[in-house]
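**Q** Following is a predicted model, sequence given first.
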Amino acid sequence: MPQGADFGPGNLWAQGDAISHAVAIALLIMSLTSWYLILRKGLRLIRQRNRGSAVDAFWLAPQLATGLEALTRSAPGSSFDELAHHADLAIRHFDTRGAQTLGGSLERGEFLTRALRQSMARSTASLESGLTTLASIGSTAPFVGLFGTVWGIYHALVGISASGAATLDHVAGPVGEALIMTAAGLFVAIPAVLAYNAFNRANRVELAELDAFAHDLHAFFTTGARLASSGKTRAASVESRETS
């Protein structure tokens, strides 16, 4: 290797062409997008870590209004907070204006079921937002980096062939620099794949708890009492989703 030669990512960028620059920029954009989603969803998980105690505070409240306030105070903006308030709003709307709307032809329990499903559908869409992007980055980033490596090696070999110096000390540097693209692709893909798996599991657990909470709310608003076996049912549902 010639003395004083500068080898590394900077030299690779300086000697690269438009295609290698485009590959590097694409990997950078993918990395920034991935880490933005990871941080956003990670912060949400941190904020929602006390959702279990918030639900318990709701059921321990002496009145519905007090329970809703406790839920909002403990887990503001959470899927559980939205679900409880949406169920309460739907019941009050049905009791006051149900006969004046198309939904008035439904039974009270059916109207509440529809409202709960709509709220859970929005929560599911919110939880799954960004997961497709993480999965796409995790699956395509290695191939983008590999393409950059192949193109970089080709570009380096063309330059070496034109200079007529095909010795090992002249080949090792440019080829090694091109392999940086493969490492960059893995650097982008690995965090995205790990985050996707972690968030996907966390979402399954939260949706299982949300589904159990929805059943409890439906029983409470239609019969005036929570299901007696809801705690055991919720624990079994969460355990089943964790092992699936």
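**A** Cool, got the structure.

**Q** which helices and strands sit right next to the lengthiest helix in the chain?
**A** Longest helix in the chain, counting residues (DSSP state H): helix 168-223. Here helix 168-223 touches helix 9-15, helix 18-47, helix 51-60, helix 79-97, helix 108-128, helix 131-163, helix 230-243, going by 3 or more C-beta pairs under 8 Å, 6 or more residues apart in numbering; DSSP states H and E. All C-beta spots, glycine's among them, are computed from the backbone N, C-alpha and C.

**Q** so which of the ones you listed comes closest to Pro191?
**A** Of all these, the one in closest proximity to Pro191, counting by C-beta to C-beta, is helix 18-47 (6.2 Å).

**Q** Could you figure out how far that closest one is turned away from helix 108-128?
**A** 130 degrees (axes from the mean of the first three to the mean of the last three C-alpha atoms, to 10 degrees).

**Q** Excluding sequence neighbours, find me the nearest residue to Gly152.
**A** Spatially, and ignoring its direct neighbours in sequence, Gly152 is nearest to Ala178 (2.9 Å; C-beta to C-beta, 6 or more residues apart in numbering).

**Q** if we can go back for a sec, want to throw the helices and strands packed on helix 168-223 into TSV with mean neighbour count?
**A** Shown next, in TSV, are those (neighbours: other C-beta atoms under 10 Å):
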stretch	mean neighbour count
helix 9-15	14
helix 18-47	15
helix 51-60	17
helix 79-97	18
helix 108-128	16
helix 131-163	17
helix 230-243	14
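
**Q** Could I get the phi/psi values of Ala75?
**A** phi -140, psi 70 (degrees, to the nearest 10).

**Q** now it: how far from Asp81?
**A** Relative to Asp81, Ala75 is positioned 5 Å away (C-beta to C-beta, to the nearest Å).

**Q** Common neighbours of the two, please.
**A** Ala54 (C-beta atoms under 8 Å, 6 or more residues apart in numbering).

**Q** Check the gap between Glu82 and Ile153 for me.
**A** 53 Å.

**Q** Stretch 121-138 spans what distance, first to last residue?
**A** 26 Å (C-alpha to C-alpha, to the nearest Å).

**Q** Mind listing residues that contact that stretch?
**A** In contact with stretch 121-138 (C-beta under 8 Å, 6+ apart) are residues 30, 33-34, 37-38, 40-41, 79, 82-83, 188-190, 192-193, 195-196, 199-200, 203, 206-207, 210.
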